[in-house]
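>>> have a look at this prediction, sequence included:
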Amino acid sequence: RSREGGSWRVEVSLARTALWLDSLGRVEAKDAEEGGAGGPEIADLLSEMDSPFGRLTYVRAPGSIDGARPYWAGPPPMQGEHPPVWW
């Protein structure tokens, strides 16, 4: 984009993307005897917020735009909270 300008539209297969990600290899699991749960450490990727459903733990959005990290301004809505509309 920086060389050619404009915008791009890409259609990808979710299954093929998962296969590609899986082919990259696995992260070494922490040894359960050392206090690990048998998986990679992910606490630094998580955030929490209160919601009508209770306390939510979620994975933060990756990346940044002009140095600002994306974030969720509020919890997910309750079913039926927003009327269906066409934009």
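That came through, no problem.

>>> CA atoms of the worst-scoring helix or strand of the chain on mean pLDDT as CSV?
Of all the helices and strands that make up the chain, helix 14-23 has the lowest average by mean pLDDT, DSSP states H and E, namely a mean of 90. Taking Å, rounded to 0.1, in the frame of the first residue of the first chain, the C-alpha atoms of helix 14-23 are listed here in CSV:
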residue,chain,number,x,y,z
LEU,A,14,-10.4,-19.3,7.8
ALA,A,15,-9.5,-23.0,7.6
ARG,A,16,-6.5,-22.4,5.4
THR,A,17,-5.3,-19.6,7.7
ALA,A,18,-5.6,-22.0,10.7
LEU,A,19,-3.6,-24.6,8.8
TRP,A,20,-0.9,-22.0,8.0
LEU,A,21,-0.8,-20.9,11.7
ASP,A,22,-0.6,-24.5,12.8
SER,A,23,2.4,-25.1,10.5
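
>>> who does that helix touch, helix- and strand-wise?
Taking 3 or more CB pairs under 8 Å, 6 or more residues apart in numbering; DSSP states H and E as the contact definition, helix 14-23 has no neighbouring helices or strands. C-beta coordinates here come from the backbone N, C-alpha and C atoms, glycine included.

>>> can you name the next helix or strand after that helix?
From helix 14-23 onward toward the C-terminus, using DSSP states H and E, the following helix or strand is strand 46-51.

>>> what packs against that next one?
Strand 46-51 packs on strand 54-59, going by 3+ CB pairs under 8 Å, 6+ apart.

>>> output the strand it packs on as CSV, nothing but the C-alphas.
Extracted as CSV, the C-alpha positions of strand 54-59 are listed here (Å, rounded to 0.1, in the frame of the first residue of the first chain):
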residue,chain,number,x,y,z
GLY,A,54,-20.2,-10.8,35.2
ARG,A,55,-16.5,-10.2,35.1
LEU,A,56,-15.1,-10.9,31.6
THR,A,57,-11.5,-11.9,30.8
TYR,A,58,-10.7,-11.4,27.1
VAL,A,59,-7.7,-11.2,24.7
